[in-house]
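K.L.:
Let me see the structure of the following:
(4 chains)
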There are 2 protein chains.
Amino acid sequence: MTSETATHQTRSGSSTIARILTAAEALFAEHGFDAVSMSAIAEAASVSKANVFHHFNSKHALYQATLRRACEKTTRQLNHMVIQPGAVAANLGEFAENHLESILEHDQFARLILREILSDMPKEQLKIAQQVFGENFSDLVTIIRRGQDHRELRADLDPALVATLLVGANVFFFQARNVFRHFPEVNFADEPAHYTRMMVDILLRGILASGSEKKT
Amino acid sequence: MTSETATHQTRSGSSTIARILTAAEALFAEHGFDAVSMSAIAEAASVSKANVFHHFNSKHALYQATLRRACEKTTRQLNHMVIQPGAVAANLGEFAENHLESILEHDQFARLILREILSDMPKEQLKIAQQVFGENFSDLVTIIRRGQDHRELRADLDPALVATLLVGANVFFFQARNVFRHFPEVNFADEPAHYTRMMVDILLRGILASGSEKKT
DNA sequence: TTCCTGACTGACCGACCGGTCAGTTGATTA
DNA sequence: TAATCAACTGACCGGTCGGTCAGTCAGGAA
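P.N.:
Reported below is the predicted structural model:
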C-alpha cells in the first residue's frame, strides 16, 4: 500500500488516490458504508478494484481515509471563524449564516458525519467527528462566553447550551429539509438565509441581557 | 405470504410476525438496512429464514413493515398532544418535555427514522415519516398559532419556523449526545430535562410578545 | 377419515461481497 | 542495459447475500 499523502500520479492523469477518495465520499455519503461495494467505488473512480485495495488496505481503511479527508477539507475552510471584537450579536449572526452555508455546500460530508453519529461510533470515528465539531464548537462557545463577560448576553445561561441550540437549528434544518418540503405549514425549506436570519433573531432575543434591545 | 395483521399464532408461542418485526426493528435501528441480513433477523427472532420470507415478500417489505409498525406505536402514544386552553408558554414547555422524553424512550425508532431521512427517501418511506412527523408538527404549529392569535406570542414570526426550532433542538440533542459527552464545554448531555427547560426558556423569551415577561 | 390450507423448515441457488495474487507495465536508478 | 519498484490489472477465492422450493406438519372443515 502506498502512502496516501503521496502525490506521484505517475500513470493516471490526476492522482488516483484522490479520484478514489472523491468517488468513495460521494457514494458513502449517498448510501452509507454497507450499501456501497468496493467494486462500485472502483468503477466510479475508473480504476480496477484491485487497485483500490492496492492503495487502501481494506474497505474500512478507505472509509476512514474518506472521513479524514472530508474533515480536513471542511475544517480548513470553516475553521477559525474570525472572532471580531465587535458586537456579539453580529458575530453570532455571521457564524450561523456561514455555518449553514457550509453545511449546505458540503452536504455530502454533512450526511457522512450525521450517518456516523447515528451509529455506535467505534471510538476511532468518534475522535474524528469530535475533532471537526469540537474546534468550531469551541469557537462558538468562546464568542458566547465573551458576550456574557461583556454583559451583552444573559449571564445565567450555559454558553455551550446556547451554542448547541444554534448549531442544532442549522443541522436540523439541513437534514429535515426534504421532509419539510412536503409540509404545507413550512415554506422556508428552500430559503436557508431567511431561516437563519429568523432563527438568530429569536435566539438573540432569548439570550440578550435584559435592558439590551435588538433591531426590529 | 400471510396478512401481516393476522393474529393467528397457531404454532409458535407468541405471534411469529410480531417477533420478527421486533427483532427487525432492533437490528435495523442499530445497524441500518444494508448492514442487517435476513439470516440475522431470522436468528434473532428464533425462526427460519425461509419463514421470514413466508411472512414478508422481501427484505424491503419487512423493512417497510417495521417502519410502519414503529410509527404506529409511537404516534399512538405521543399523538394528539393535549392542547389545553391555558397559557401557550406552559403548553410549549410541556410539549417539548414530552417530545424529548418520547424520543429518548423510543431511541431505536428515532434512529431508524433519522437514518431514513438521511437517505433519498424513495417516496414510500417519505410518506411514512411525513405522517409521523406531520401530525405532531401540525399540533405544535397549532399551539403556536393560537398563541399568536391571543397576542401572547410575537405575530411577526412564522409559526412553523418556531416549531422547527423547538423540535430541532430536541432532535439534535438526541443525536449529538454521544459526541457531546466528550466535549469539555458540555455538561448537560445526560440531563435532558434540564436541557429542555433551558431551551424552552430561551425560545420563549425570543418569541413572547413585547410587554409580556416570563418568570426568572 | 380425508382433504385442504397455512405455518414452517432445511437445502439449495445465482449473484455479489471483500479481499488476494500472479503478473504486466513504465518510469527510475545503478 | 539490466535491475528495481510502485502502479496497476484480470482472474480468482471463500463466504455471505437475498431469495426459492419441495416438502413436513398441525388443525379445521367435509
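K.L.:
Tell me which residues touch A:Val179, please.
P.N.:
B:117, B:121, B:126, B:129-130, B:133 (C-beta atoms under 8 Å, 6 or more residues apart in numbering or on different chains). The C-beta positions use only the backbone N, C-alpha and C, and glycine is treated the same way.
K.L.:
can the longest helix seen in chain A be found next to chain B?
P.N.:
Criterion DSSP state H: the longest helix present in chain A is helix A:124-149. Yes - Helix A:124-149 is in contact with chain B by C-beta under 8 Å from any C-beta of the partner chain, via A:126, A:129-130, A:133-134, A:137-138, A:141.
K.L.:
Give the buried residues for stretch A:61-70.
P.N.:
A:62-63, A:65-70 (16 or more other C-beta atoms under 10 Å in any protein chain shown).
K.L.:
Tell me which entries of the residues you listed lie within helices.
P.N.:
Using DSSP H, the buried residues of stretch A:61-70 in helices are A:62-63, A:65-70.
K.L.:
What is the most widely separated pair among those?
P.N.:
A:Leu62 and A:Ala70 (12.4 Å; C-beta to C-beta).
K.L.:
Between these two, which contacts overlap?
P.N.:
Residues touching both A:Leu62 and A:Ala70 (C-beta under 8 Å, 6+ apart): none.
K.L.:
Could I get the pLDDT score of the nearest residue to A:Arg68 once chain neighbours are set aside?
P.N.:
In space, not counting the residues next to it along the chain, A:Arg68 is nearest to A:Ile128; the distance is 6.2 Å by C-beta to C-beta, 6 or more residues apart in numbering or on different chains. Listed pLDDT for A:Ile128 reads 74.
K.L.:
show me what contacts A:Ile128?
P.N.:
A:64, A:67-68, A:71.
K.L.:
distance of it from DNA strand C?
P.N.:
In this view, A:Ile128 and DNA strand C are 19 Å apart by C-beta to the nearest atom of the strand, to the nearest Å.
K.L.:
Likewise for A:Ser15?
P.N.:
From A:Ser15 to DNA strand C the distance is 15 Å (C-beta to the nearest atom of the strand).
K.L.:
same thing with A:Asp156?
P.N.:
51 Å.
K.L.:
you'd agree that residue is in a strand?
P.N.:
No - under DSSP: H, G, I helix; E, B strand; the rest coil, A:Asp156 falls outside any strand and is assigned coil.
K.L.:
I figured A:Ala35 hits B:Phe33, correct?
P.N.:
Yes - in this structure, A:Ala35 is within contact of B:Phe33 by C-beta atoms under 8 Å, at 7.5 Å.
K.L.:
Those two: which has the busier surroundings?
P.N.:
B:Phe33 (20 against 15; other C-beta atoms under 10 Å in any protein chain shown).
K.L.:
isn't that one right up against B:Gln64?
P.N.:
No - assessed by C-beta under 8 Å, B:Phe33 is found out of contact with B:Gln64, at 10.5 Å.
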